[in-house]
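# Got a predicted structure plus its sequence, pasted below:
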Number of protein chains: 2
Amino acid sequence: MTPSDRKAVSRRNFLAASAGVAGAAIARASSADTLADVPPRVLGDALSGHSERSQYVDISRIPEAGPGMRNVDPSLAINSKTPLQKLVGTITPSALHYERSHAGVPNLDPAKHRLLIHGMAEKQLVLSVDDLKAMPAVSRIAFIECTGNGWENWKSADENLTVQNTHGLISTNEWTGVPLGYLIDLVKKDRKSTWMLAEGGDAAGVARSIPLTDEIMREAIVAYGQNGEPLRPAHGFPIRLVLPGYEGNLNIKWLRRLKFGDEPWMTRWETSRYTQLLANGKAMQFQLRQEVNSVITSPSGMMEIKKGYNRITGLAWSGYGKITKVEISVDDGKTWKAAQLNLPVLPKSQSRFQMDWEWDGKATKIVSRSTDEKGNVQPDRASFIAKVGTNALFHYNAQQTWSIDASGRVRNVLA
Amino acid sequence: MTPSDRKAVSRRNFLAASAGVAGAAIARASSADTLADVPPRVLGDALSGHSERSQYVDISRIPEAGPGMRNVDPSLAINSKTPLQKLVGTITPSALHYERSHAGVPNLDPAKHRLLIHGMAEKQLVLSVDDLKAMPAVSRIAFIECTGNGWENWKSADENLTVQNTHGLISTNEWTGVPLGYLIDLVKKDRKSTWMLAEGGDAAGVARSIPLTDEIMREAIVAYGQNGEPLRPAHGFPIRLVLPGYEGNLNIKWLRRLKFGDEPWMTRWETSRYTQLLANGKAMQFQLRQEVNSVITSPSGMMEIKKGYNRITGLAWSGYGKITKVEISVDDGKTWKAAQLNLPVLPKSQSRFQMDWEWDGKATKIVSRSTDEKGNVQPDRASFIAKVGTNALFHYNAQQTWSIDASGRVRNVLA
């Protein structure tokens, strides 16, 4: 953020909101001009090799079970979700990056792991992790999103779901590793090769065919670093593919093979699993890019709010690039107002938005709508279903509505 | 990073380096076109509430003791340092953000913690953590650096020090909280108030007088979030002041008081501890901004390298804003070459640089030199000492030299 950007945020936007917030804060504030109301100084514990969380912070990827919710026994889970309602800013802590695995989390020894690069190229290479770490590296802040994120509300809405349940399959990390373009140059990929197979080393052997567009050859990373440190095992240790803006399942974890070819391999992950069953009964394959999306994370499902000032905040993202606008309606879509977008807005990353709101205490519905730099606008649920139908499971990016009753209870509803 | 920026990185810079790296990689690569050289698929463990580190990753803030090094018993330590030599990218994991405390790490209950805001203002407020979380928030990626960072090499150089020992008192996180400017508006600070006292809730009661420049009023944050989640206790939970670009000790942890006044309070932290004893015997007070700086993190102290291709990489930063240039010399300062700066370069954050290097196997010294957007250039050690002398302990930002002997051993030396 440049100083002038920051000035715009801290002065123009916040001054406008001061009246409402000031009222709320002062109601709870003391008029004492001494430290009498502030707890005394506290002697500390010894320093440590790692700073762990406070005992007072309760934050987990396993959603809490609400009344009527299905069992979330972690030993049976196939995914664990980022608790968006408890996070701030835009970076997701590595420990809380969402997890979606098809055969659990393999515990790989990096000294033994290898990456085979072969197929339509002059050279075939088997690279160790140390080989990759010795190569030029890039770092990039980018979101990864499971293409199933949001499907809970496609057909019906369980009112006991939190935003962790409905939208917790997305996270934003800084990824570091070797640019795919560098490896392409290294093996001298045949110019006729237009597809690449990427395969993981877990028991499920997830393998996907990736079209070698200019964008993907420029932006994909064979990553070994996540938020500054080595990848966590749940996120692909020791190496994974990072493909900013594209379906999470293409960001192959525990990567062991890249193969160049001139047509897709039609693996079971693309002929069966990650196809879209359309309204007309036909299946669409290779719908790879994640759409423009947003969700209000506070107030959100299962929270309770009070009459008066409330800060609305949430996250917006698009696989097409930067978010340019987020609008919020506090009257169920009748009128919309632009939210403030926190700077810097990075492409293919989650962007934080916020808006001040004086709630009058009457039952209402709140909803957000995002627009990206390509002009894509997040659809409302009716438009989305009119276009895509209800047969499919993936790429649901319709607007999320939270209902608020007169007592301030916030619940998940279908628009 | 924009697509065009990324193109510049991945194509222009990396193609130029391909010849050297390709040679290194191919020497270790197989010519097999099958998966025979790649370990088999592995069944995974169950999913979890948090993704912990791999058992194969050894990473800690407590530096390993080398031959001749002083004791680093953590129970006696007054700081624990970020292991820069083991990190990648620019973000520091929260658990590995450096730690420097004057009375250990207090374990505060956020429900009971309060922030008093008083002094020369229309209103006095006592705010709870929930009050602050309800206010408009900003997030910003910024470094925090202990002003003592680097002093180990001011007077002499222990050849057994790693870069964690010499430069590990700096870290870069995403900080989230309420802009100071917002709180200033809220209490209607008197325009005659030009200083602010910030005081922490640890037993040491660290308290500093902060000049209310336009820049500080615009950029300072009362932060409750660190890399997306609540602050860790070692870093100020539940709230701390974040003052991008300024001495770490001004970024008051466990913040319990902000007081507005029209002159500095002359606390013992500014009359005694954090003053600079100059060459002429006089003490300089309120030297608050962190200078332009850089260090090569690989190869660095106690590493061993091999003849042939080596990637040089490191971190550069400045309290004045963005880094605009990093130069590297591989011949002890005789000739310099511009390193590649990874994008995006954020102001008052650590920026990652790298350069390809073909080492001829002869003993040499390597060193980096950074320049910021205000034109400040990191000085060499002789120039620095000629200007500042050797009486002081703080604000050492001279260039760091690593010596490499013919066997490839990398050691800390004095330029």
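Looks like it arrived, so ask away.
# so where's chain A shaky on pLDDT?
Residues of chain A that meet the criterion pLDDT under 70 lie in A:1-33, A:65-77.
# Now with 80, please.
The model of chain A has pLDDT under 80 over residues A:1-34, A:63-78.
# Which residue lies nearest the spatial centre of it?
Centroid-nearest residue in chain A, with C-alpha atoms, centre = their mean: residue A:170, separated by 2.3 Å.
# Isn't that one up against residue A:317?
Yes - the pair residue A:170 and residue A:317 passes the contact test of C-beta atoms under 8 Å, sitting 6.9 Å apart. C-beta: built from backbone N, CA, C; applies to glycine.
# shared neighbours of these two, anything?
Residues touching both residue A:170 and residue A:317 (C-beta atoms under 8 Å, 6 or more residues apart in numbering or on different chains) are A:143, A:145, A:350.
# Looking at the residues you listed, state which has the most neighbours.
Neighbour counts for the shared contacts of residue A:170 and residue A:317, by other C-beta atoms under 10 Å in any protein chain shown, peak at residue A:350, which reaches 28 neighbours.
# surely that one meets residue A:314?
No - the pair residue A:350 / residue A:314 is not scored as a contact, 9.6 Å apart, by C-beta under 8 Å.
# tell me which element residue A:256 is part of?
strand A:255-261 (DSSP states H and E).
# Same check on residue A:335?
Using DSSP H and E, no helix or strand contains residue A:335.
# hmm, back to that, return the member of the shared contacts of residue A:170 and residue A:317 nearest to chain B.
Nearest to chain B, judged by C-beta to the nearest C-beta, of the shared contacts of residue A:170 and residue A:317 is residue A:350 at 9.8 Å.
# List the contacts of the closest one.
A:90, A:143, A:170, A:172, A:315, A:316, A:317.
# count of neighbours near residue A:213?
12.
# Would you mark the buried spots in stretch A:384-392?
A:384, A:385, A:388, A:392 (16 or more other C-beta atoms under 10 Å in any protein chain shown).
# what's the closest non-adjacent residue to the last one?
This means residue A:392. Of all residues not flanking residue A:392 in the chain, residue A:276 sits nearest, at 4.4 Å (C-beta to C-beta, 6 or more residues apart in numbering or on different chains).
# just the first one next, same as before
In space, and not counting its chain neighbours, residue A:384 is closest to residue A:398: 4.0 Å by C-beta to C-beta, 6+ apart.
# Please name the nearest non-neighbouring residue to the residue in the stretch 101-250 of chain A that chain B sits nearest to.
Chain B sits closest to residue A:104 of the stretch 101-250 of chain A, with a gap of 2.5 Å, by C-beta to the nearest C-beta. Among residues not flanking residue A:104 along the chain, residue B:44 sits closest, at 2.5 Å (C-beta to C-beta, 6+ apart).
# Tell me who's in contact with residue A:364.
Applying C-beta under 8 Å, 6+ apart, we find residue A:364 in contact with A:330, A:331, A:332, A:403, A:404.
# Adding secondary structure, distance to residue B:354 and neighbour count, write those out as CSV.
What follows is the contacts of residue A:364, written out as CSV (DSSP: H, G, I helix; E, B strand; the rest coil; distance: C-beta to C-beta, whole Å; neighbours: other C-beta atoms under 10 Å in any protein chain shown):
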residue, secondary structure, distance to residue B:354, neighbour count
A:330, coil, 48, 21
A:331, coil, 52, 12
A:332, coil, 52, 15
A:403, strand, 51, 20
A:404, strand, 51, 23
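# how about stretch A:326-336, does it reach chain B?
No - using C-beta under 8 Å from any C-beta of the partner chain, stretch A:326-336 stays clear of chain B, coming no nearer than 14.0 Å.
# What segments of the stretch 51-200 of chain A are helices?
A:129-133, A:152-155, A:163-167, A:180-187 (DSSP state H, counting those that start in this stretch).
# Could you say which one of the ones you listed comes nearest to residue A:235?
helix A:129-133 (14.9 Å; C-beta to C-beta).
# What residues of the closest one count as buried?
So, applying 16+ other C-beta under 10 Å, buried residues of helix A:129-133: A:129, A:131, A:132, A:133.
# Out of those residues, which are close to chain B?
residue A:131.
# what would the buried residues of helix A:129-133 look like in TSV with distance to residue B:342?
Formatted as TSV, those follow (distance: C-beta to C-beta, whole Å):
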residue	distance to residue B:342
A:129	20
A:131	20
A:132	16
A:133	15
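# hey, what's the residue nearest to the centre of chain A bridged with?
residue A:145 (DSSP bridges).
# if you compare the helices of the stretch 51-200 of chain A, which one is most tucked away?
helix A:163-167 (a mean of 27; mean count of other C-beta atoms under 10 Å in any protein chain shown).
# Next, see if it gets close to chain B.
No - on the criterion C-beta under 8 Å from any C-beta, helix A:163-167 is out of touch with chain B, staying 11.7 Å away.
# Show me what that helix is packed up against.
helix A:152-155, strand A:293-298 (3 or more C-beta pairs under 8 Å, 6 or more residues apart in numbering or on different chains; DSSP states H and E).
# And the first one, how far out from the chain middle?
Between the mean C-alpha location of helix A:152-155 and the chain-wide mean there is a distance of 18 Å, by C-alpha atoms, centre = their mean, to the nearest Å.
# helices or strands up against that helix?
helix A:163-167.
# who's in contact with the helix it packs on?
Contacts of helix A:163-167 (C-beta under 8 Å, 6+ apart): A:63, A:69, A:81-85, A:149-150, A:152-153, A:158, A:295-297, A:300-301, A:400, A:412.
# Mind doing that once more with 6 Å?
Residues outside helix A:163-167 that contact it (C-beta atoms under 6 Å, 6 or more residues apart in numbering or on different chains): A:63, A:81, A:83, A:84, A:85, A:152, A:153, A:295, A:297, A:300, A:301.
# right, and the fourth one touches residue A:297 too?
If I follow you right, that is residue A:84. Yes - in this structure, residue A:84 is within contact of residue A:297 by C-beta atoms under 6 Å, at 4.7 Å.
# How about the residues of the stretch 251-400 of chain A by chain B?
A:256, A:311, A:342, A:352 (C-beta under 6 Å from any C-beta of the partner chain).
# What is the most widely separated pair among those?
Of all pairs in these, the most separated under C-beta to C-beta is A:256 and A:311 at 45.7 Å.
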